[in-house]
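Peer 1: model this:
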Amino acid sequence: MTRLADVDLSLSLKRTVYERRLAVAQTRLAQLRLTLGGQIGLRSIGDDVPRPDHSPHPLGPPLLIAFEGWDASGKGGAIKRLVQELDPRHYEVHQFSAPSPDELRHHWLHRFWVPLPGRGGMCVYDRTWYGRVLVERIEGLADEEQWRRAYGEIREFEQQLVDDGTMLVKIWLHVSDEEQLRRFERRRGDPLKAWKLTDEDWRNRARRPEYERAIDEMLAETDTPHAPWDVVAAESKKWARVAVIETVVARIEQCARDRGFDVPAPLE
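Peer 2: Next up is the predicted model:
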């Protein structure tokens, strides 16, 4: 199990290496996405294999990529590069913030069920159900009994998704306290990015030690064999963006092997 203190934040890439690895990873992801979506493939199919209309290829498992991380850790930039070479018809991105009054009428996990991808689909979640054991815990929006119970509910929720065939990739983007402050200050001085910085961000930053303890506990409680965490060093944006896509590619390939779903070899 990874702890935040164990993450090597010195990792970085030169621009030429970054551009080369980014292009390779994006191409491979696009190839895998088309395969999962039934647009291309290797395997002949039988009548029992679901497939999209007019396609000779089988649909792959649902793909759900869940992003969490510190404020200003680069989630938006990483997601942008992740989907950059994909056809916009072949994925959805959903952002989650505080629940609406209507969402509060339901079980707290309900709103995360609704947009889940189906067979052959891909969704990216920008923030997730982990807010229950992070911001809701720290800000007192969930009492201790609720957020402690949530660990078991999360494990069961993720087990249900995986048992139903979903490829679940969970990514935490980690930056140091000092780098986060530098990014906050750059945002504050940029008229096109200042809107990203809120009073809540500054308040959360002031409670960073509490969040660090909560994150380490979250990783310990929810890093499971069926739904492991990938903690990505994000001190360098170039490193993080490449590492995210390469991690997603590796998880897809491993899940496909585990499920006996054929994917093509990487393009040369």
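
Peer 1: Next up, phi/psi of the closest residue to residue 128 other than its chain neighbours, please.
Peer 2: Leaving out its chain neighbours, the residue that sits closest to residue 128 by C-beta to C-beta, 6 or more residues apart in numbering is residue 66, at 4.6 Å. (Glycine included, C-beta is placed from N, CA and C.) The phi/psi pair for residue 66 (degrees, to the nearest 10) reads phi -110, psi 120.

Peer 1: Contact partners for residue 66?
Peer 2: 125, 128, 130, 168-171 (C-beta atoms under 8 Å, 6 or more residues apart in numbering).

Peer 1: who wins for neighbours among those residues?
Peer 2: Ranked by the number of neighbours (other C-beta atoms under 10 Å), these place residue 171 first, at 25 neighbours.

Peer 1: List of residues touching stretch 76-96?
Peer 2: 22, 26-27, 29-30, 33-34, 37, 39, 65, 67, 111-112, 115, 117, 121-128, 131, 171, 173, 234, 237, 240-241, 244-245, 248.

Peer 1: go on, stretch 233-250?
Peer 2: 7-13, 15, 18, 21-22, 25-26, 28-29, 32, 65, 69-70, 73-74, 77-78, 81-82, 169, 171, 173-176, 179, 230, 232.

Peer 1: and those, which of them are in strands?
Peer 2: In strands, judged by DSSP state E, the following of the contacts of stretch 233-250 are found: 65, 69, 169, 171, 173-174, 230, 232.

Peer 1: sorry, back to before: which pair of the contacts of residue 66 spans the longest distance?
Peer 2: 130 and 169 (13.7 Å; C-beta to C-beta).
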